[in-house]
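Engineer: build me a model from this:
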Amino acid sequence: MSYRVNAKIRKFVYNALFYFKNRLFMYKYDGLLIHESHDDDGILEVVDCAGIRTLHFGSAALQSSMALARPEQLQLAYTRAMTSYLLFKPDLLDEALLLGLGGGSLAKHLLHHFPDCRLQVVEYRKSVVKIARSYFGLPLDPRLKVIVGEGAQAVRQRAETQPESFGVVFVDAFDHEGMAQPLRNQAFFDACRQLLKPDGMMVINLWGGLQAPDFIECANWLGTAFGWRVLFLPVKDRSNIIGLAFNSEMPLFDFKTLKQQAAELEHLYQIDYPVFLQDIKRHNTSTFKHIFKS
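Structural biologist: Numbers count the residues shown, from 1 in each chain. So this is what the prediction gives:
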């Protein structure tokens with residue numbers, strides 16, 4: 001066999017090994033890794049699997065998830081639970097603030113369903129914003145303003161200069177280790193309350209389970225800031241707990257009326273609002289009287 005033929009065989013084998021090696025590393029978290037990048041805060045990965053696209057920060061933990069066929073649909077259970085605020089404010093015709101963008105699932109949901117909503121988003125990592133635009137379909141929409149910056153600092157500055165600006169403040173700010181550290185203090189929760197209109201609400205994604213020290217600490221800050229006009233919704237089969245806090249001029253609610261409203265919302269959004277309402281009643285016996293009519 002000539003040297004030229006041997007060289008062709010060696011090249012073929014080398015290319016085959018290189019191809020299969022790359023294909024092997026392209027699969028991660030039981031899916032196809034379609035993007036990987038790094039910034040000062042670590043790894044960012046986008047994975048496709050069975051029609052679902054997910055965002056990861058260097059671990060199997062999901063930071064965001066999107067059905068490719070229905071990008072406006074909320075895929076993760078905790079993001080659906082964050083919309084439980086609709087039980088109390090069914091029409092979001094107002095300014096809203098979102099801390100933590102991820103893949104933009106909640107932002108897209110709000111823009112899709114509420115044409116009059118004007119949404120500001122604060123995201124710490126510029127790379128996350130780029131990925132949300134490029135891989136998760138976050139729209140360029142005149143109703144949406146995305147600010148790259150530190151969320152707690154943005155809230156404090158805005159609370160000092162423009163208090164009572166928002167009807168709803170959403171907080172979903174996590175890194176690969178847990179809730180972002182600058183948010184973990186009483187001053188942050190107080191500033192969020194100051195940012196809300198008198199009849200506004202704060203909606204926050206908490207983590208760890210009802211008995212976890214981190215959750216108890218954050219729940220105390222939330223309760224202190226809002227005079228314990230708060231409710232907690234544990235997400236079924238997950239460690240997420242959604243906190244709902246009501247500013248001073250939110251009215252008391254009639255539970256029977258909310259049951260009817262929950263059924264209407266379920267029909268409208270295909271989300272289990274009647275289950276949310278029952279879980280809220282079951283898990284909030286100590287604060288129920290501060291929110292609902294007797």
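Engineer: so for stretch 202-209, what gets flagged as buried?
Structural biologist: 202, 203, 204, 205, 206, 207, 208 (16 or more other CB atoms under 10 Å). Backbone N, C-alpha and C define where each C-beta goes, glycine included.
Engineer: same check, this time on stretch 115-134
Structural biologist: For stretch 115-134, by 16+ other CB under 10 Å, it's 117-125, 127-129, 131-132.
Engineer: closest to residue 71 out of the buried residues of stretch 202-209?
Structural biologist: residue 205 (20.5 Å; CB to CB).
Engineer: and the helix or strand harbouring that closest one, what does it pack against?
Structural biologist: Residue 205 belongs to strand 196-207 when assigned by DSSP states H and E. For strand 196-207, the packing partners by 3 or more CB pairs under 8 Å, 6 or more residues apart in numbering; DSSP states H and E come out as helix 77-82, strand 166-171, strand 178-179, helix 186-195, helix 213-225, strand 240-246.
Engineer: including distance to residue 155, could the ones you listed go into TSV?
Structural biologist: Shown next, in TSV, are those (distance: least, CB to CB, whole Å):
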stretch	distance to residue 155
helix 77-82	18
strand 166-171	8
strand 178-179	14
helix 186-195	5
helix 213-225	12
strand 240-246	14
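Engineer: how about those in JSON lines, adding mean neighbour count and distance to residue 62?
Structural biologist: As requested, those are exported to JSON lines (neighbours: other CB atoms under 10 Å; distance: least, CB to CB, whole Å):
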{"stretch": "helix 77-82", "mean neighbour count": "22", "distance to residue 62": "9"}
{"stretch": "strand 166-171", "mean neighbour count": "24", "distance to residue 62": "18"}
{"stretch": "strand 178-179", "mean neighbour count": "16", "distance to residue 62": "14"}
{"stretch": "helix 186-195", "mean neighbour count": "20", "distance to residue 62": "25"}
{"stretch": "helix 213-225", "mean neighbour count": "17", "distance to residue 62": "19"}
{"stretch": "strand 240-246", "mean neighbour count": "24", "distance to residue 62": "11"}
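Engineer: OK, contacts around residue 190?
Structural biologist: By CB atoms under 8 Å, 6 or more residues apart in numbering, residue 190 lies in contact with residue 225.
Engineer: could you pull out the strands for the stretch 1-150 of the chain?
Structural biologist: 27-28, 31-39, 42-49, 52-56, 64-67, 95-99, 118-123, 144-148 (DSSP state E, counting those that start in this stretch).
Engineer: partners of the longest one in the sheet?
Structural biologist: The reference is to strand 31-39. Partners of strand 31-39 in the sheet, by DSSP bridges, are strand 27-28 (antiparallel), strand 42-49 (antiparallel).
Engineer: which residues does the first one contact?
Structural biologist: Looking back up the chat, that one is strand 27-28. 33, 45, 47.
Engineer: circling back: comparing the strands paired with strand 31-39, which comes out most buried?
Structural biologist: strand 42-49 (a mean of 18; mean count of other CB atoms under 10 Å).
Engineer: got the angle for it vs strand 52-56?
Structural biologist: Going by axes from the mean of the first three to the mean of the last three CA atoms, to 10 degrees, strand 42-49 is angled at 170 degrees with respect to strand 52-56.
Engineer: quick check: the gap between residue 283 and residue 74.
Structural biologist: Distance, residue 283 to residue 74, by CB to CB, to the nearest Å: 21 Å.
Engineer: how about the strands of the stretch 1-150 of the chain in TSV, adding distance to residue 226 and mean pLDDT?
Structural biologist: Shown next, in TSV, are the strands of the stretch 1-150 of the chain (distance: least, CB to CB, whole Å; pLDDT from 0 to 100):
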stretch	distance to residue 226	mean pLDDT
strand 27-28	41	77
strand 31-39	35	94
strand 42-49	33	95
strand 52-56	31	96
strand 64-67	28	96
strand 95-99	16	96
strand 118-123	21	97
strand 144-148	25	97
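Engineer: would you list those in JSON lines and tack on distance to residue 238?
Structural biologist: Output for the strands of the stretch 1-150 of the chain, formatted as JSON lines (distance: least, CB to CB, whole Å):
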{"stretch": "strand 27-28", "distance to residue 238": "22"}
{"stretch": "strand 31-39", "distance to residue 238": "20"}
{"stretch": "strand 42-49", "distance to residue 238": "19"}
{"stretch": "strand 52-56", "distance to residue 238": "15"}
{"stretch": "strand 64-67", "distance to residue 238": "13"}
{"stretch": "strand 95-99", "distance to residue 238": "20"}
{"stretch": "strand 118-123", "distance to residue 238": "23"}
{"stretch": "strand 144-148", "distance to residue 238": "27"}
